[in-house]
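# Next input, structure requested:
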Amino acid sequence: MISWTDWSSALLEAIADPERHAPSANLGLSAAGLAVYRNNYRVGLIDTLAYAYPVLGQLVGEEFFRALAREYVKRHASHSGNLHRYGAAFGDFLDSFEHVRHLPYLADVARLEWHVHRSYYAADATPPDLAVLATLEPERWGELRFGLADDVAVVASPWPIATIWLAHQPDSGVPLPERLGDHAETALVTRSAGTVKVERLDPATAAFLLALQQGAMLEAATNAALQPDPSFDLQALLGQLFERALLSSIQLPGGPS
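Okay, the predicted model is just below:
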């Protein structure tokens, strides 16, 4: 007799894979019964995507969005019992989906929306212990690595993704630019008191935070910021990052990478 573990695993595979033939008689399901399970599964994942990507829904309309979501669900099964984790690859899917090639900014808007979604559900960060800085000689501060908090993300795009997102928020008052292709933007995603915020970053701050996000040491991140703005004020920005609790770790030189 088939075990419960094997039965449930086979059932989940049959539900998630629409190309799979009807399960064997050992599973005790008819083709019609399996079709009901499959339909509920697909509808649930489509609704999950609609919840995670509301701006995309506004941009393309509900009917077209659900058609996009159906195509995504066909290619991407859910591998977690937590549906809040489903849909991370939607931006990559849109990049390669020919029916939205006339909307080249859509994939990056999706990536921004995923980080907004992820930020909302991220665990609360513990601020780093600033006392560790006193143990390091000032001349070696350039070797420090600062880690961004889990609810923080920096998203760069050749399109005005932050403006697009903001323009589709209730009562934002933010207008869309007339020519989207003329406005590259880097967006900062943060969370405060349970509310996720999206901000447009200036080029120097964007370069600095992108470098930190990629694991760069403080000196390299500062040099990246100085390229677009020689007057970049490192001390002022670090003060803001600490004040807003956007950092979660400080890695000292010689520490684990």
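
# tally of neighbours for the closest residue to Ala162 other than its chain neighbours?
Spatially, and ignoring its direct neighbours in sequence, Ala162 is nearest to Ala187 (3.8 Å; C-beta to C-beta, 6 or more residues apart in numbering). The C-beta positions use only the backbone N, C-alpha and C, and glycine is treated the same way. Applying the criterion other C-beta atoms under 10 Å, we find 27 residues in the vicinity of Ala187.

# part of a strand, is Ala187?
Yes: read with DSSP: H, G, I helix; E, B strand; the rest coil, Ala187 is one of the residues of a strand.

# List the residues that contact it.
Leu112, Val154, Val155, Ala156, Ser157, Ile161, Ala162, Trp165, Val198, Glu199, Arg200, Leu201 (C-beta atoms under 8 Å, 6 or more residues apart in numbering).

# Low-confidence stretches in the chain?
1-40, 80-81, 255-257 (pLDDT under 70).

# Show me how the record splits it into domains.
Here the domain assignment for the chain is 1-103, 125-257, based on automatic domain parsing.

# Nearest to His117 among these would be which one?
domain 1-103 (4.5 Å; C-beta to C-beta).

# quick one: the residue most central in space within the chain and Ala153, what's the gap?
With the centre of the chain defined as its mean C-alpha position, the nearest residue by C-alpha atoms, centre = their mean is His115, 2.6 Å away. Applying C-beta to C-beta, to the nearest Å, one obtains 4 Å for the distance of His115 from Ala153.

# Repeat that for Gly57.
21 Å.

# Repeat that for Leu234.
From Leu234 over to Ala153 (counting by C-beta to C-beta), the distance is 21 Å.

# higher neighbour count, those two?
Summary of the neighbour comparison: Leu234 and Ala153, criterion other C-beta under 10 Å, with Ala153 having more neighbours (22 against 16).

# Got the phi and psi for the more buried one?
Dihedral angles phi and psi of Ala153 (degrees, to the nearest 10) take the values phi -150, psi 150.

# Show me what it bridges to in the sheet.
When assigned by DSSP bridges, Ala153 has beta-bridge partners Val189.

# ok, now which ones touch it?
Contacts here follow C-beta under 8 Å, 6+ apart; on that basis Ala153 touches His115, Arg118, Ser119, Leu188, Val189, Gln213.

# so Val155, which of the three states?
On the three-state scheme (three-state DSSP), Val155 is labelled strand.

# Kindly tell me how buried it is, as a neighbour count.
Using other C-beta under 10 Å, Val155 is surrounded by 26 other residues.

# now do Leu237
Under the neighbour criterion other C-beta under 10 Å, Leu237 is assigned a count of 17.

# shouldn't it be in contact with Ala206?
No: under the criterion of C-beta atoms under 8 Å, Leu237 lies out of contact with Ala206, with a separation of 11.2 Å.

# Excluding chain neighbours, what is closest to Ala221?
Excluding its sequence neighbours, the residue lying closest to Ala221 (C-beta to C-beta, 6+ apart) is Ala211, at 3.7 Å.

# Can you classify that neighbour by secondary structure?
helix.

# hmm, back to that, what packs against the helix or strand where the residue nearest to the centre of the chain lies?
With elements taken from DSSP states H and E, the one containing His115 is helix 106-121. Taking 3 or more C-beta pairs under 8 Å, 6 or more residues apart in numbering; DSSP states H and E as contact, the helices and strands that helix 106-121 lies on are helix 31-52, helix 54-60, helix 90-96, strand 153-157, helix 161-167, strand 185-192, strand 195-200.

# Ser248 contacts Ala123, correct?
No: the pair Ser248 and Ala123 fails to qualify as a contact (C-beta under 8 Å) at a distance of 10.0 Å.

# who touches both of these two?
Counting by C-beta under 8 Å, 6+ apart, the shared contacts of Ser248 and Ala123 are Asp150.

# of those two, who's got more company?
Ser248 (18 against 9).

# and stretch 160-174, how far apart are its ends?
Taking C-alpha to C-alpha, to the nearest Å, the span from the opening residue of stretch 160-174 to its closing residue is 12 Å.
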